[in-house]
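1. here's a sequence, model it:
(one chain, ligands or ions: 1)
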Amino acid sequence: MASEVVQDNSGGDERPQISNSAAANVAEEVEELKLLQDAVYALPTHAVKDFFSLGACARCIFRLFGLCQKISSFPSLPTATMNAMLEKNVLGRDRDDNCSGSAERKDSGSQQLSSQTFVLEHAVCRICLGILDYVYHDEKEILVKKDSAYEFAKIVAESVKQEHPQIDSFSLEVSLPPVVMDNEQVVRSFMRKKYGSEHWFLQKTLTDCISIKDALKLSILDTLEKLLGTKSNLSTFRIRLTYETSEESRRKPDNEEIDGCKRRKTNMLYTADEKQASETSGSKNFAEHENKQYECTEGFAKDLEGHGSDYLKFQLEKESQPFGLVFLCYRCPIYIGGRYLKYSRNVSQTCWMIEDERMGEASVEEIIGGSILPLCQGDGYKFHAAGREDIDVRMLGTGRPFLVEIQNAHQVPSEELIKEMEMKINSQENKLVGVKNLKILDNKGWALMREGEAEKQKQYAALVWISRPFNDDDSKTLSSLQEMQILQKTPIRVLHRRSPLEREKVIHWMKVEKIAGSCQYFLLHLCTQAGTYIKEFVHGDLGRTHPSIGSILGCRAEILQLDVTDVKMDCF
Ligand SMILES: [Zn+2]
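-> Sure thing, here's the model as predicted:
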């Protein structure tokens with residue numbers, strides 16, 4: 001359908017001529033175009049005239065009369081051809097009417113209509129303000145006008161390709177200033193009031209008449225898919241077209257009263273997330289506005305009898321300048337999760353600086369994030385983990401669940417790329433950190449990890465020293481303790497950053513592994529509730545943790561080394 005369509009000016013027949021297309025397609029397209037012309041010709045002339053004289057663009061008229069779907073099959077159809085079709089409807093019908101003496105309803109003086117009537121008084125459509133005529137101010141404030149949906153889609157596709165040469169799919173979002181929605185309400189109300197009892201209007205279904213936003217999307221979606229070589233769906237890659245009112249109207253105070261109707265706040269540039277948040281939090285105001293708007297249109301409808309389309313014109317007077325248009329394309333965050341292993345006692349989980357001095361030689365966050373980010377070609381990353389271990393504690397065994405959030409990835413990782421990431425991290429020469437089970441997660445991954453974190457059990461291996469020889473009875477004592485409750489006051493070593501609290505924790509079980517040739521050292525394997533301070537459980541923290549290994553064995557106990565050997569969580 002993307003073939004060139006040019007208007008034939010050579011004779012009286014206004015049927016557009018089609019070129020540069022395969023013969024079969026041409027025949028098919030000519031047939032479809034004929035059907036479209038017939039549909040346009042069948043539109044109620046008096047109503048088309050009303051909208052023409054109002055200053056509505058051809059695409060708005062097609063939209064309001066339910067021809068949007070048909071028009072969208074001709075993305076290359078130039079605006080002039082559409083105008084010509086509508087012109088033929090009005091002028092042709094008038095001629096017919098004059099000949100046959102038809103009694104069909106007409107506005108007075110319509111017989112004198114000439115094609116000059118169709119030169120719009122206003123630079124832009126009074127309803128969509130140029131959106132469906134593809135008129136807008138670009139980011140350099142230069143006025144741009146594209147002649148067809150195809151030409152407009154081309155601009156969008158080019159700007160997408162510049163930033164993201166390769167995308168696997170996309171979703172198209174359109175954001176319009178409130179004044180456009182206001183205009184739509186006014187026009188719909190006008191149509192209901194003026195044509196509500198007419199046969200053609202009663203036959204129309206609600207879905208026939210689509211909004212400006214949907215009409216814009218519909219007009220360019222197929223072409224965008226072709227030009228970008230991919231499908232549109234609920235993709236994490238977003239193409240966002242944001243129409244904004246001119247600088248002048250942005251400087252107007254918020255909620256200014258115009259014609260007794262409140263304007264919605266338009267002077268803020270939102271990111272998609274902020275906008276959603278503000279729409280949610282401000283839903284009451286929005287509802288109030290809608291009610292107010294309803295009252296306005298109701299009042300307006302009552303006045304219609306007296307004022308007719310002049311009143312509609314007045315209602316649509318609020319904006320008459322084309323909007324600024326901002327193209328934005330971005331990838332929603334991608335989440336890559338798995339479990340990490342930390343083999344070093346000198347690597348912190350996240351980058352840890354004290355007075356400009358780095359603690360430890362590296363961080364898990366930087367090693368993993370720094371390896372994944374370039375492969376996804378993202379703008380940045382955030383690292384989240386299910387709990388943390390101290391810098392001098394190794395993370396072994398099953399590893400600890402983590403996820404990395406990649407912002408605006410230009411490359412969506414494939415299965416192979418994920419494997420490549422895993423290899424890259426695991427084959428680093430210094431062997432400080434490793435990963436396993438690396439995979440792409442959906443946006444619920446983060447919540448899943450946080451949920452599991454509170455319930456999880458953790459297993460440790462601790463190298464313990466006691467102040468007297470360790471004997472078999474000690475070993476039996478420790479192994480016999482199961483589901484033991486302990487009380488822990490916030491450890492002295494973290495009191496400077498944690499509030500002083502007393503927490504009840506559970507030691508699920510303990511096992512002792514003797515170290516050959518040593519009587520005061522042993523390896524303690526233990527499984528505890530999440531959040532237990534293990535170092536304090538061993539030495540007692542000056543009595544702040546009770547009972548402790550020291551208090552149970554009745555001697556001094558010190559912890560020399562600690563490894564996390566398992567983090568029991570279902571996720572990752
Ligand atoms: Zn329009």
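2. name the element Glu416 belongs to?
-> Glu416 belongs to helix 415-426 when assigned by DSSP states H and E.
3. could I get that helix in PDB with only the CA atoms?
-> The C-alpha trace of helix 415-426 is given here as PDB (Å, rounded to 0.1, in the frame of the first residue of the first chain):
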ATOM      1  CA  GLU A 415      20.200 -16.300  25.200                       C
ATOM      2  CA  GLU A 416      23.700 -16.400  23.600                       C
ATOM      3  CA  LEU A 417      24.600 -12.900  24.800                       C
ATOM      4  CA  ILE A 418      23.500 -13.900  28.300                       C
ATOM      5  CA  LYS A 419      25.800 -16.900  28.100                       C
ATOM      6  CA  GLU A 420      28.600 -14.600  26.900                       C
ATOM      7  CA  MET A 421      28.100 -12.300  29.900                       C
ATOM      8  CA  GLU A 422      28.300 -15.200  32.300                       C
ATOM      9  CA  MET A 423      31.500 -16.400  30.600                       C
ATOM     10  CA  LYS A 424      33.000 -12.900  30.600                       C
ATOM     11  CA  ILE A 425      32.400 -12.500  34.300                       C
ATOM     12  CA  ASN A 426      33.500 -16.000  35.300                       C
END
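4. which strands or helices does it pack on?
-> Identification of packing neighbours for helix 415-426 by 3 or more Cβ pairs under 8 Å, 6 or more residues apart in numbering; DSSP states H and E yields strand 334-342, helix 364-376, strand 433-441. Using the backbone N, CA and C atoms, a C-beta is placed for each residue, glycine as well.
5. quick one: name the residues of the stretch 51-200 of the chain near the ion.
-> Counting by Cβ under 5 Å from the ion, the stretch 51-200 of the chain comes close to the ion at Cys57, Cys60, Cys125, Ile127, Cys128, Leu132.
6. now, the most widely separated pair of the residues you listed?
-> Largest separation among these by Cβ to Cβ: Ile127 and Leu132, giving 8.5 Å.
7. between these two, what contacts are shared?
-> Residues touching both Ile127 and Leu132 by Cβ atoms under 8 Å, 6 or more residues apart in numbering: Cys57, Cys60, Ile212.
8. what about Asp212, how many neighbours?
-> Not quite, residue 212 is Ile, not Asp. Ile212: 24 surrounding residues under other Cβ atoms under 10 Å.
9. tell me, what residue is most central in the chain?
-> Centroid-nearest residue in the chain, with Cα atoms, centre = their mean: Cys332, separated by 5.8 Å.
10. show the contacting residues for the nearest residue in space to it that is not next to it in sequence.
-> Spatial nearest neighbour of Cys332, excluding adjacent residues (Cβ to Cβ, 6 or more residues apart in numbering): Thr236 at 4.1 Å. For Thr236, the contact set (Cβ under 8 Å, 6+ apart) comprises Arg331, Cys332, Ile334, Val412.
11. tell me the pLDDT at the second one?
-> Here, the pLDDT recorded for Cys332 equals 87.
12. list the contacts for it?
-> Thr236, Phe237, Arg238, Asn443.
13. in strands, which of these appear?
-> Residues from the contacts of Cys332 lying in strands, with DSSP state E as the criterion: Phe237, Arg238.
14. of all the contacts of Cys332, which comes closest to the ion?
-> In terms of Cβ to the ion, no member of these lies closer to the ion than Arg238, at 25.2 Å.
15. quick one: the closest one and Ser171 touch, right?
-> Yes - the criterion here is Cβ atoms under 8 Å, and Arg238 meets it with Ser171 at 5.7 Å.
16. pLDDT weak spots in this protein?
-> 1-22, 93-123, 205-208, 246-319, 454-455 (pLDDT under 70).
17. what does it have sitting close to the ion?
-> Cys57, Cys60, Cys125, Ile127, Cys128, Leu132.
18. Phe51 belongs to a strand?
-> No - counting by DSSP: H, G, I helix; E, B strand; the rest coil, one finds Phe51 to be helix, located in no strand.
19. give the contact list for it.
-> Contacts of Phe51 (Cβ under 8 Å, 6+ apart): Cys60, Ile61, Leu64.
20. contacts only, for Trp509.
-> Residues near Trp509 by Cβ under 8 Å, 6+ apart: Ser479, Leu481, Gln482, Glu483, Leu526, Cys527.
21. state the number of residues packed around the fifth one.
-> Right, Leu526. The number of residues near Leu526, taken as other Cβ under 10 Å, comes to 23.
22. which of the contacts of Trp509 sit farthest apart?
-> Ser479 and Glu483 (13.3 Å).
23. contacting residues for the closest residue to Glu558 other than its chain neighbours?
-> Leaving out its chain neighbours, the residue that sits closest to Glu558 by Cβ to Cβ, 6+ apart is Trp465, at 4.8 Å. Counting by Cβ under 8 Å, 6+ apart, Trp465 makes contact with Gln520, Tyr521, Ala557, Glu558, Ile559, Leu560.
24. tell me how many other residues crowd Leu560.
-> Leu560, neighbours per other Cβ under 10 Å, totals 10.
25. that one: what's it in contact with?
-> Leu560 touches Leu463, Val464, Trp465, Tyr521, counting by Cβ under 8 Å, 6+ apart.
26. only the buried subset of those, as a PyMOL command please.
-> Selection of the buried residues among these in PyMOL, burial being defined by 16 or more other Cβ atoms under 10 Å:
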select buried, resi 463+464+465
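27. could the contacts of Leu560 be laid out in CSV, adding secondary structure?
-> Formatted as CSV, the contacts of Leu560 follow (three-state DSSP):
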residue, secondary structure
Leu463, strand
Val464, strand
Trp465, strand
Tyr521, strand
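28. quick one: which of the contacts of Leu560 is nearest the ion?
-> Leu463 (76.5 Å).
29. who's the closest one bridged to?
-> Here Leu463 sits in beta bridges with Leu523, Gln561, going by DSSP bridges.
30. ok, it to Lys535 distance?
-> Applying Cβ to Cβ, to the nearest Å, the value for Leu463 to Lys535 is 12 Å.
31. any common contacting residues for these two?
-> Ile559, Leu562.
32. who wins for most neighbours among the contacts of Trp509?
-> Leu526 (23 neighbours).
33. helix or strand: which one has that residue?
-> Going by DSSP H and E, Leu526 is in strand 521-529.
34. list the contacts of that strand.
-> Strand 521-529 is contacted from outside by 457-466, 470, 475, 478, 505-515, 534, 537-538, 549, 560, 565-566, using Cβ under 8 Å, 6+ apart.
35. swap in 7 Å and give it another go.
-> Here strand 521-529 makes contact (Cβ atoms under 7 Å, 6 or more residues apart in numbering) with 457-465, 470, 505-515, 534.
36. again with stretch 136-144
-> Gly130, Tyr243, Pro322, Phe323, Gly324, Leu325, Val326.
37. between the two ends of that stretch, how far is it?
-> Stretch 136-144 has its terminal residues 5 Å apart, counting by Cα to Cα, to the nearest Å.
38. how far off centre is that stretch?
-> Distance of stretch 136-144 from the chain centroid (Cα atoms, centre = their mean, to the nearest Å) equals 25 Å.
39. same deal with stretch 231-249?
-> For stretch 231-249, the distance to the chain centre is 10 Å (Cα atoms, centre = their mean).
40. same question for stretch 466-474.
-> 61 Å.
41. out of the residues of the chain next to the ion, which sit inside strands?
-> Going by DSSP E, the strands hold none of the residues of the chain next to the ion.
42. ok, back up a step: would JSON lines of the residues of the stretch 51-200 of the chain next to the ion with distance to Arg188 and neighbour count be doable?
-> Output for those, formatted as JSON lines (distance: Cβ to Cβ, whole Å; neighbours: other Cβ atoms under 10 Å):
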{"residue": "Cys57", "distance to Arg188": "17", "neighbour count": "28"}
{"residue": "Cys60", "distance to Arg188": "12", "neighbour count": "26"}
{"residue": "Cys125", "distance to Arg188": "16", "neighbour count": "27"}
{"residue": "Ile127", "distance to Arg188": "10", "neighbour count": "26"}
{"residue": "Cys128", "distance to Arg188": "13", "neighbour count": "28"}
{"residue": "Leu132", "distance to Arg188": "16", "neighbour count": "27"}
